[in-house]
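# Structure of the sequence below:
(4 chains)
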Number of protein chains: 2
Amino acid sequence: MKVTIKEIAKLAGVSQATVSKIINNYDDVGEETKKRVLDIMEQQKYRPSYSAKTLASKTSDVIGVVYAGKVNANFNHPFFVDVMNVFKKNIGNLGYDLMFFSNEKFNMAHEDFLARCTHYRVDGCIIIGGEEIQESVYTLDNSSIPCIGVDIELTGEKSGYIMTDNLKVSTKVVEHLYLLGHRDIAYIGGKKDSNIAKMRLESFKRSMTEYGLSLNDDWVMYGDFFTKSGYEAMKKILLSEKIPKAVYAASDLMALGAIQAVKEAGLSVPDDIVVIGLDDIEASKYVDPPLTTIRQDKEKIGKLAAYMLYDLIRGTIHSTSVMVEPDLIIRQSCGTKKKNYVINTK
Amino acid sequence: MKVTIKEIAKLAGVSQATVSKIINNYDDVGEETKKRVLDIMEQQKYRPSYSAKTLASKTSDVIGVVYAGKVNANFNHPFFVDVMNVFKKNIGNLGYDLMFFSNEKFNMAHEDFLARCTHYRVDGCIIIGGEEIQESVYTLDNSSIPCIGVDIELTGEKSGYIMTDNLKVSTKVVEHLYLLGHRDIAYIGGKKDSNIAKMRLESFKRSMTEYGLSLNDDWVMYGDFFTKSGYEAMKKILLSEKIPKAVYAASDLMALGAIQAVKEAGLSVPDDIVVIGLDDIEASKYVDPPLTTIRQDKEKIGKLAAYMLYDLIRGTIHSTSVMVEPDLIIRQSCGTKKKNYVINTK
DNA sequence: CTGAAAGCGCTTACAG
DNA sequence: CTGAAAGCGCTTACAG
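Sure, this is the predicted structure:
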């Protein structure tokens, strides 16, 4: 039923090789033959077969998408969704489609990402960070498949990664809080075994020291970046002997949870406790009060991921990493501005 | 480099056919041979090639994902993201991976979804509704590839679709507003050429008539389901001679925009104007005031999409459609409850 | 500029 | 229960 290269060749009175060259834009084909063949392909509605092409050429124009970590982002994490969207647009312009690994019946090994990538013969893959990273992610990282990591440090020869400069993140937050006059600052971080969380915590501690502020152990908590954990962490902080004047949560979702806990305790944000988040997700504009936060430049991260992966695939670059500058977005949860609603311009 | 079925066969002293049968779980293979071959595959880290398999078997275990409509959902629409997430999990359990078409250099035709699906030889595809649906979506719908639509009516022989029962949606909203004592109700719908938008508007009008309420033409606006359009629609409504007491927006994002416009006009939600949305996206819990809305059952929609597509692929069912019951979620934007914050339990 | 032919790594009747 | 062989639809040296 399906028309193949063979039939096109026959109809056009040329060889398969010639048709193949035309499809792949080789320039050593006569103009006339080219036009004739193209017309026939059009009229026969010829569609090349991916599997045959990939089998023969060992190149696929497909990028594998792996969400690393048992506690991972998946589709519904507000930060990663935006990054993936930008990535998709940019990698699409470069000529790639995206394969999402969801198959749970995959014969060989459930968690074996390399196997999946080899199976589809992807040209490269993007690895989205998460927590409790599986060993198999690093097997993939160290394979011959080019990988670009977002929020995960990849060290393979054909790998690179991009993340927000997590060291600067906390510096900006602490500086801002300091300038607002706050000295009693609490911290709600990510899981202890998460690299990202570690970096943020380290830089937070360092910044506190720089500004000569001391850290109260009762005020340092660990969540999992999602809302509920921020809520629970804040509940605990509110039980400590002394209550802090400011809370810095290492994700917006946790900040939202923290705000809720403060309100339930009958206190006001920002009058009693100031809250700062991290990510600048959509919802942070609409929460009451709108959330001051550190914006991760999703546009830049997604675009860099696409271009760096492309270079990795072509062998133009080898192992590289880029740290993207974060921005402080000031809204009312730290009490510095009058109410000022922002329109979502989407 | 890569180990093939041929080498496994040689190492095990059996034929390729036998190895193939073992890989594909045929039961007419001796227990002993099976074990021996499996061991060798394990130790040689054998990975089957997708392209070879698909080329030979004409089946791929891959589902194509198409976002229909020029103004489409893509990754960052809060409703579709959740639906896709559920779909991904369920279709993954059934043994499928997901292909997202992003390639802009696709040789044949930019918008030709059937060509893309044929190219990858997908077993089926999921079509996510949008506005200004391209002709090529219906070409795919009417092809021999099984398709399941979400929020888009598909009529192909091998197609089916699922959507929230849009007729019931407005009935619930109007009933609720009526019982709260509101008679002056404004409506912010989707684009006029969107089927979903049409259904919602029709059922809104019908419900109004049922309750003996009259519709003020100045109070009926058309947005595009995104925030900004709701904001602008509300601005216009506020310019009319008489101001309504209630606004029903056909998406949560538009409702958020409407709330903002009301606030900017110096009015209060819900004291001066009551607002009801539709979708129950994450952000609606955090907006000020928390938004009363109609919840679309994303869990059910995503799961149904997976199972119905599976049946469509196996030929168990043919053309079917399911309407999913919507639920009214009451929060403070319609003024019926005291403040009551909800925890996001993710 | 064009073509003949081998090969990519599987599956599938078919025969035994 | 097992194997020999054709075939899936392309690409790629290589020869002319």
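# Output the below-cut-off pLDDT ranges for chain A.
Within chain A, the ranges that satisfy pLDDT under 70 run A:1, A:70-76, A:106-111, A:336-346.
# Centroid-wise, who is the farthest residue in chain A?
A:G13 (50.1 Å; C-alpha atoms, centre = their mean).
# A:E7 versus that one, what's the distance?
Distance, A:G13 to A:E7, using C-beta to C-beta, to the nearest Å: 12 Å. C-beta coordinates here come from the backbone N, C-alpha and C atoms, glycine included.
# again, but for A:D112
Separation of A:D112 from A:E7 (C-beta to C-beta) stands at 39 Å.
# more neighbours, these two?
Per other C-beta atoms under 10 Å in any protein chain shown, whichever of A:D112 and A:E7 has more neighbours is A:D112, with 19 against 15.
# Who's the closest spatial neighbour of that one, skipping the chain neighbours?
Excluding the flanking residues, the one nearest A:D112 by C-beta to C-beta, 6 or more residues apart in numbering or on different chains is A:S136, at 5.2 Å.
# give me the element the one you found is part of.
helix A:135-141 (DSSP states H and E).
# now A:L278
strand A:274-279.
# Give the partner strands of that strand in its sheet and their orientations.
Applying DSSP bridges, strand A:274-279 is found paired with strand A:246-249 (parallel), strand A:292-295 (parallel).
# Show me what from the stretch 51-200 of chain A comes close to DNA strand D.
Counting by C-beta under 7 Å from any atom of the strand, the positions of the stretch 51-200 of chain A adjacent to DNA strand D are A:A52, A:K53, A:L55, A:A56, A:S57, A:T59.
# name the element the fourth one belongs to?
The secondary structure element spanning A:A56 is helix A:50-57 (assigned by DSSP H and E).
# So in that sheet, which strands flank the following helix or strand past that helix, and in what orientation?
The helix or strand immediately downstream of helix A:50-57 is strand A:62-67, counting by DSSP H and E. Neighbouring strands of strand A:62-67 in its sheet, by DSSP bridges, are strand A:97-100 (parallel), strand A:124-128 (parallel).
# if we can go back for a sec, of all the strands paired with strand A:274-279, which lies closest to B:Y96?
Closest to B:Y96 of the strands paired with strand A:274-279 is strand A:292-295 (C-beta to C-beta; 36.2 Å).
# what about the strands in the stretch 151-300 of chain A?
Using DSSP state E, counting those that start in this stretch, the strands of the stretch 151-300 of chain A run over A:159-164, A:185-189, A:220-222, A:246-249, A:274-279, A:292-295.
# so which of those comes closest to A:A306?
strand A:159-164 (10.3 Å).
# contact partners of that closest one?
Residues outside strand A:159-164 that contact it (C-beta atoms under 8 Å, 6 or more residues apart in numbering or on different chains): A:129, A:141-142, A:146-154, A:196, A:296-297, A:301, A:304-305, A:308-309, A:312, A:317, A:319-326.
# redo that, cut-off 7 Å
Outside strand A:159-164, the residues within contact range by C-beta atoms under 7 Å, 6 or more residues apart in numbering or on different chains are A:141, A:147-154, A:296, A:301, A:304-305, A:308, A:312, A:317, A:319-324, A:326.
# And the residues of the stretch 51-200 of chain A next to DNA strand D, which is closest to A:M254?
For these, the nearest to A:M254 is A:T59 (42.7 Å; C-beta to C-beta).
# Show me chain A divided up by domain.
A:5-48, A:62-164+A:298-326, A:166-296+A:328-334 (automatic domain parsing).
# what would those domains look like in CSV with distance to B:I188?
Listed next are the domains of chain A as CSV, based on distance: least, C-beta to C-beta, whole Å:
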stretch, distance to B:I188
domain A:5-48, 43
domain A:62-164+A:298-326, 25
domain A:166-296+A:328-334, 17
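# Between the ones you listed, which one is closest to DNA strand C.
domain A:5-48 (3.1 Å; C-beta to the nearest atom of the strand).
# Would that closest one count as contacting DNA strand C?
Yes: under the criterion of C-beta under 7 Å from any atom of the strand, domain A:5-48 makes contact with DNA strand C via A:13-18, A:21, A:27-34.
# And for A:S144, the neighbour number?
By the criterion of other C-beta under 10 Å, A:S144 has 10 neighbours.
# Which residue is the nearest non-sequential neighbour of it?
Leaving aside its sequence neighbours, A:S144 sits nearest to A:K158 (C-beta to C-beta, 6+ apart; 6.4 Å).
# What residues does the one you found make contact with?
A:S144, A:I145, A:P146, A:C147, A:L312.
# Relative to DNA strand D, how far out is it?
Relative to DNA strand D, A:K158 is positioned 20 Å away (C-beta to the nearest atom of the strand, to the nearest Å).
# A:N166 too?
For A:N166 relative to DNA strand D (C-beta to the nearest atom of the strand), the value is 42 Å.
# List the residues that contact that residue.
A:I196, A:M199, A:R200, A:S203.
# Relative to A:H176, which of those residues is nearest.
For the contacts of A:N166, the residue nearest A:H176 by C-beta to C-beta is A:S203; the value is 14.1 Å.
# Pull the number of nearby residues for the closest one.
20.
# Tell me if stretch A:306-313 is near DNA strand D.
No: Stretch A:306-313 is not in contact with DNA strand D by C-beta under 7 Å from any atom of the strand; minimum separation 14.8 Å.
# Briefly note if that stretch comes near chain B.
No: counting by C-beta under 7 Å from any C-beta of the partner chain, chain B is not contacted by stretch A:306-313; separation bottoms out at 10.0 Å.
# Just give me how far that stretch sits from the chain centre.
The chain centre lies 15 Å from the centre of stretch A:306-313; the measure is C-alpha atoms, centre = their mean, to the nearest Å.
# which residues sit against it?
A:63, A:87, A:90-91, A:94, A:123-124, A:126, A:146, A:148, A:158, A:160, A:162, A:317, A:320.
# No more questions from me, cheers.
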